[in-house]
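> coordinates only, sequence not included:
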């Protein structure tokens, strides 16, 4: 990704835009930060040698520009509420404001652009879109008091994220629907406990990085590429698919820890209905992750004699094994550390 100085510049500007949004004390300042972030991320996406990347950058610009326009419009309505002196107007404008932020983050029912956009991007850009680009909208959503619309979006996000990934053969679309599902989990705890959603976000970012790091090394984009991949080293294949199960939130692995915290907090708040929906959607995501793992482990595929695992950088492979070790045994250390605090 960092092939020249311009990429480094745009990456720094993208991070600066997010930090401006997060630290801003006015909606206008937050909007300016979002625009800096948007205009810095588009050059990172576009590639003259790849028409899909150029198309994806155009889609992203149009979607985010629409969301920014609606955001600015709703902010102006909020500023006019003192003159209008109407509670209905304030509720209406904050609802529009929340809708624009949901569109920016890719949450359901405004998720239509997200999977198609991911399909035309590189793995490193996809990782940025799934993780860093969600920080600013989620922080702004946490400032709003629109619990009804937010709960509707949470339920739709976890359901659409779970059902959407069932029949996918593209790994990027699979990760996109998984991201929508995890976004629903993060938004469910947004107005209850800020530290928990930040913890969930950090764990999700780490697990997404482990998977996309490996996808990027081996240039894996379709599901059938996983099946005859690393057929010589079965242990390597096993450790790789463990990360899928950890991302899905299977209990022995690290991905279960943030879900455990959210379930515990929702139980304290007596939100049992929401908790049941979240857990049922996670079972569906685990179903298609397990289906991928069973297909890769159980079915017999041709083993290419010319394929060599060690044609790739050994440093990258060792880094992946270290990250996978954290993913497998991280729950033990995290839970011990959590209960010591």
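Yep, it's here. The shown structure was predicted, so the numbers you read here are calculated from the model rather than taken from an experiment. Numbering: from 1, shown residues only.

> same for the lengthiest helix in the chain, what does it pack against?
As assigned by DSSP state H, the longest helix anywhere in the chain is helix 51-84. Applying 3 or more C-beta pairs under 8 Å, 6 or more residues apart in numbering; DSSP states H and E, one finds that helix 51-84 contacts helix 27-45, helix 87-105, helix 114-119. Every C-beta, even on glycine, is put in place using the N, C-alpha and C of the backbone.

> next SSE after the last one?
Of the helices and strands lying after helix 114-119 in sequence (DSSP states H and E), the nearest is helix 123-130.

> got the angle between that next one and helix 27-45?
Per axes from the mean of the first three to the mean of the last three C-alpha atoms, to 10 degrees, the angle that helix 123-130 makes with helix 27-45 is 160 degrees.

> what is the rounded mean pLDDT of the helix or strand following helix 123-130?
Next helix or strand after helix 123-130 toward the C-terminus (DSSP H and E): helix 135-143. For helix 135-143, mean pLDDT is 94.

> off-centre distance for helix 135-143?
14 Å (C-alpha atoms, centre = their mean, to the nearest Å).

> tell me what angle the helix or strand that comes right after that helix forms with helix 87-105.
Next along the chain after helix 135-143, taking DSSP H and E as the criterion, comes helix 147-164. Here helix 147-164 runs at an angle of 30 degrees relative to helix 87-105 (the same axes, to 10 degrees).

> elements contacting helix 147-164?
Using 3+ C-beta pairs under 8 Å, 6+ apart: helix 147-164 touches helix 87-105, helix 171-188, helix 272-298.

> cutoff 10 Å now
helix 87-105, helix 114-119, helix 135-143, helix 171-188, helix 272-298 (3 or more C-beta pairs under 10 Å, 6 or more residues apart in numbering; DSSP states H and E).

> how far off centre is it?
14 Å.

> what is the mean pLDDT for that helix?
The model assigns helix 147-164 a mean pLDDT of 93.

> do the same with stretch 13-33
Per-residue scores along stretch 13-33 average to 95.

> mind listing what's buried along it?
Using 16 or more other C-beta atoms under 10 Å as the test for burial, stretch 13-33 gives 13-15, 17-18, 20-21, 24, 27, 30-31, 33.

> nearest to residue 110 among these?
Lowest distance from residue 110 to the buried residues of stretch 13-33 (C-beta to C-beta) belongs to residue 31, with 17.7 Å.

> what's stretch 55-65 in contact with?
With C-beta atoms under 10 Å, 6 or more residues apart in numbering as the test, stretch 55-65 has contacts from 34-35, 37-39, 41-47, 50, 71, 100, 103-104, 106, 110, 112-114, 116-122, 125-126, 129, 133.

> related to what we said a few turns ago, so can I have TSV of the helices and strands packed on helix 147-164 showing mean neighbour count?
Formatted as TSV, the helices and strands packed on helix 147-164 follow (neighbours: other C-beta atoms under 10 Å):
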stretch	mean neighbour count
helix 87-105	19
helix 114-119	21
helix 135-143	21
helix 171-188	25
helix 272-298	16
